[in-house]
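Q: Here is a sequence together with a model predicted from it:
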Amino acid sequence: MESKSVIQAWISDLQEVLENQPLAVDDVRIGVFYTAVRLSDGHAGVAFTPRGLTDSVCCPQSAAEAPLAGTLAGRSAWSLAEYALSRAALRRAVGVATLNALSALALGRHAIPEARLLPGVDALDAAGVQPQDRVALVGAFVPFIKRLRHQVAVLWVIDKHPEALRPDEKHLWCPPEKAPEALKKASLVIITGSTLVEGGTDDLLQSVGSACRVVMAGPTASPWPPTFFARGVDVLGGIHVTDGRRLLEVVSQGGSGYFFGDCAEKISIVRLGYGAGVGERETGVPSR
């Protein structure tokens with residue numbers, strides 16, 4: 001029997017821990033940089049909005065695959081969560097944002113004994129990056145490139161868009177077809193949460209070397225941790241949304257993660273047994 005993908009497992013794990021509770025979606029916003037979903041109980045989640053779409057949603061065929069605009073609010077959260085499995089990129093963004101909102105609800109209700117919660121801690125700090133590390137960064141995330149390029153022994157930036165790198169960073173670029181080689185050589189792999197929307201997460205996790213530490217980071221990387229710990233992720237560096245209504249307002253006005261400061265806080269969740277974190281607590285993630 002074929003094993004579940006990480007997205008399929010994420011959905012089923014949340015259904016189990018939340019006992020398949022009927023939950024409705026209160027609002028959905030698809031912004032330029034992020035997509036956001038708020039549940040009727042106030043919990044919210046975000047996901048990377050895919051860019052570079054080749055089809056216009058004005059085309060009848062592509063419009064049929066896009067989210068059903070004007071009908072999403074009020075629908076079952078579980079039905080929108082299934083969008084994360086869609087072949088249409090914008091639907092996947094809505095689905096992953098919904099799963100992150102459901103994950104926030106689950107984290108508020110259940111402790112995770114195998115995890116340490118590091119509120120306010122950045123993913124790179126939680127990862128315990130060392131000067132001797134060979135880092136494979138999946139996704140040209142500018143703040144991470146700036147911090148890592150002079151901090152570690154080797155940095156490979158795996159991205160399908162070499163133009164995302166500045167001229168003085170071009171030597172760091174690693175084309176996707178060479179990703180498996182870089183992932184096996186790396187001592188630390190950092191995967192941006194956008195892969196949950198763009199696809200390829202399962203292949204990336206299966207390609208990492210046995211001695212590698214794995215970090216998933218960014219606002220999109222705010223899932224239910226046990227699903228990802230079971231697949232080799234050591235650190236999840238996402239966000240905890242403190243004001244869902246404000247978050248949706250920011251997203252719908254074209255805000256990126258730089259504008260989430262007054263409605264969300266950074267949070268890292270570290271698998272118990274992972275190396276020394278920053279400000280860690282040896283107890284499990286508590287209910288809020």
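A: Looks like it arrived, so ask away.

Q: Can you pull the domain assignment for this protein?
A: Domains of the chain are assigned by automatic domain parsing as 6-109, 116-242+262-271.

Q: Can you add mean pLDDT and distance to G255 and give these back as a markdown table?
A: The way it works is simple: take the backbone N, C-alpha and C, and place the C-beta from them, glycine included. Formatted as a markdown table, the domains of the chain follow (pLDDT from 0 to 100; distance: least, CB to CB, whole Å):
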| stretch | mean pLDDT | distance to G255 |
| --- | --- | --- |
| domain 6-109 | 89 | 7 |
| domain 116-242+262-271 | 94 | 9 |
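
Q: Which one, of those, ends up nearest to G254?
A: Shortest distance between G254 and the domains of the chain, using CB to CB, is found for domain 6-109: 4.6 Å.

Q: What ranges does the stretch 51-200 of the chain have for its strands?
A: Secondary structure of the stretch 51-200 of the chain by DSSP state E, counting those that start in this stretch: the strands cover 115-119, 134-138, 154-158, 173-174, 188-192.

Q: okay if I get the domains of the chain as JSON lines plus distance to S252 and mean neighbour count?
A: Converted to JSON lines, the domains of the chain look like this (distance: least, CB to CB, whole Å; neighbours: other CB atoms under 10 Å):
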{"stretch": "domain 6-109", "distance to S252": "4", "mean neighbour count": "19"}
{"stretch": "domain 116-242+262-271", "distance to S252": "12", "mean neighbour count": "20"}
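
Q: what about those domains, which gets the closest to V251?
A: With CB to CB as the measure, domain 6-109 is the member of the domains of the chain nearest V251 (4.0 Å).

Q: and that closest one, how far out from the chain's middle?
A: Its chain's average C-alpha position is 13 Å from that of domain 6-109, according to CA atoms, centre = their mean, to the nearest Å.

Q: in the chain, which residue is closest to the centre?
A: Centroid-nearest residue in the chain: A221, 2.2 Å away (criterion: CA atoms, centre = their mean).

Q: Would you check that that residue makes contact with V214?
A: No: using CB atoms under 8 Å, A221 is not in contact with V214; the gap is 11.3 Å.

Q: Between the two, which contacts overlap?
A: Common contacts of A221 and V214 (CB atoms under 8 Å, 6 or more residues apart in numbering): I191.

Q: circling back to that earlier point, right, and the strands of the stretch 51-200 of the chain - which one's nearest V94?
A: When those are compared by CB to CB, strand 188-192 sits nearest V94, at 18.8 Å.

Q: quick check: angle from the closest one to strand 134-138?
A: With axes from the mean of the first three to the mean of the last three CA atoms, to 10 degrees defining the directions, strand 188-192 sits at 10 degrees from strand 134-138.

Q: So which other helices or strands are in contact with strand 188-192?
A: Other elements packing on strand 188-192 under the criterion 3 or more CB pairs under 8 Å, 6 or more residues apart in numbering; DSSP states H and E are helix 123-127, strand 134-138, helix 201-207, strand 213-217.

Q: Just put the ones you listed in a markdown table and tack on distance to E163.
A: What follows is the helices and strands packed on strand 188-192, written out as a markdown table (distance: least, CB to CB, whole Å):
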| stretch | distance to E163 |
| --- | --- |
| helix 123-127 | 24 |
| strand 134-138 | 16 |
| helix 201-207 | 22 |
| strand 213-217 | 22 |
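
Q: And those: which comes nearest H161?
A: That would be strand 134-138 among the helices and strands packed on strand 188-192, by CB to CB, at 12.6 Å.

Q: Does that closest one pack against any helices or strands, and if so which?
A: Secondary elements touching strand 134-138 (3+ CB pairs under 8 Å, 6+ apart): helix 142-148, strand 154-158, helix 179-185, strand 188-192.

Q: Let me see the contact set for D159.
A: V138, G139, A140, L165, W173, C174, P176.

Q: swap the cut-off to 10 Å and go again
A: Shown in contact with D159 (CB atoms under 10 Å, 6 or more residues apart in numbering): 137-141, 165, 172-176, 179, 192.

Q: same question, G45
A: By CB under 10 Å, 6+ apart, G45 lies in contact with 35-39, 96-105, 219-220, 222-223, 238-239, 241, 244, 247.

Q: Out of the helices and strands packed on strand 134-138, which is closest to K4?
A: strand 188-192 (18.6 Å).

Q: before we move on, the earlier item: okay, the domains of the chain in JSON lines with distance to Q253 next?
A: Shown next, in JSON lines, are the domains of the chain (distance: least, CB to CB, whole Å):
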{"stretch": "domain 6-109", "distance to Q253": "7"}
{"stretch": "domain 116-242+262-271", "distance to Q253": "12"}
